[in-house]
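# Give the three-dimensional model of this entry:
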Amino acid sequence: MKNLYLNRVFLLLSVYFVTLHCLKAQYKLFHQSYDKSAQFNLSENEVKDYREEGKLVVFNEEKHRSSLAVSLLEMKIGKDIKEKDATRIRTYEVISSKKINHHRLRYIFFDANKLSKKKLRKKMDYIKKLLEDNTSFESLAHQYSMDRNAHRGGDSGWFKKTETHPVFYEAVTDENRYANEIFEVSIPENNWYYIVKKTFSPRPIREILVLKKVETR
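So this is what the prediction gives:
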């Protein structure tokens, strides 16, 4: 009985760590490190001066829906919002605003760190055959995608160039891709493989650069 219990615990822990690995891997797909101020065409001196005052933060009109974000997105450049509590005053000043091209699609992710190349190829070919037979891409993503977007039917949400893995971005935004095209993308150095469906046209989405300053009361 004790051995059975330990085996179950080991199995649950193994599943947990495999899932955690996949979640972290695909978080990185759309959260590459980049200079958030660069897209707003500020000079190096301006950026330096702002960073000496506080922290630069970007708000996106599609992704950020908090009451603070909504209020800031409605404000003109130079305006600010103050939040006060017993010990601090936080000031959020709108520094710049710009529309940035974003993309959106559906994908099914396969982690070759967890599958042999033979099993990976077999599974991808099987899914592509189901897609050729008009099986819903969304339902297949729910069933087979090895990341947290599976529960969203593989919907990537809106993403931009600077925050996306460059190999993936270049492949999915190729101007020769057509609407609803289904194709493969691979990033072998990470053992990441994808079946992708182009579902949306590029869209300009407004983002604002905000200077956050914190003062002690």
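
# helix or strand right after the helix or strand containing Glu170?
Secondary structure assignment for Glu170, by DSSP states H and E: helix 166-172. For helix 166-172, the following helix or strand on the C-terminal side (DSSP H and E) is strand 182-187.

# Sketch out the helices for the protein, chain order is fine.
According to DSSP state H, the chain carries its helices in the segments 2-29, 44-53, 67-73, 117-132, 137-144, 166-172.

# Any idea what the nearest residue to Lys76 once chain neighbours are set aside is bridged to?
The shortest distance from Lys76 to any non-neighbouring residue, by Cβ to Cβ, 6 or more residues apart in numbering, is to Val94 (6.9 Å). From N, CA and C alone the C-beta is placed, and that goes for glycine too. With DSSP bridges applied, Val94 shows beta-bridge pairing to Val210.

# Quick check: Val94 touching Val210?
Yes - if you go by Cβ atoms under 8 Å, Val94 and Val210 touch, sitting 5.8 Å apart.

# So for these two, which residues contact both of them?
In terms of Cβ atoms under 8 Å, 6 or more residues apart in numbering, Val94 and Val210 are both contacted by the residues Leu72.

# Looking at these two, which is more packed in?
Neighbour count, other Cβ atoms under 10 Å: between Val94 and Val210, Val210 has more, with 25 against 20.

# any idea how far Ile95 is from the more buried one?
6 Å (Cβ to Cβ, to the nearest Å).

# Which neighbours do the two have in common?
Residues touching both Val210 and Ile95 (Cβ under 8 Å, 6+ apart) are Leu56.

# Please work out how many residues are found near Trp158.
When neighbours are counted by other Cβ under 10 Å, Trp158 registers 19.

# Isn't it up against Glu61?
No - Trp158 lies out of contact with Glu61 (Cβ under 8 Å); the separation is 9.9 Å.

# and for the two, which residues touch both?
Common contacts of Trp158 and Glu61 (Cβ under 8 Å, 6+ apart): Ile205.

# what about Ile205, neighbour count?
16.

# Surely it and Phe59 touch.
No - look at Ile205 against Phe59 with Cβ under 8 Å: they stay out of range, at 11.0 Å.

# Do me a favour and get the backbone dihedrals for the residue nearest to the spatial centre of the chain.
Nearest to the mean C-alpha position of the chain, counting by Cα atoms, centre = their mean, stands Phe30 at 3.3 Å. Main-chain torsions, Phe30, degrees, to the nearest 10: phi -110, psi 20.

# excluding its backbone neighbours, what's nearest it?
Phe159 (4.9 Å).

# how far away is the one you found from Ser116?
The spacing between Phe159 and Ser116, counted by Cβ to Cβ, is 30 Å.

# okay, those two: which has more neighbours?
Neighbours per residue (other Cβ under 10 Å) separate Phe159 from Ser116, with Phe159 holding more: 19 against 9.
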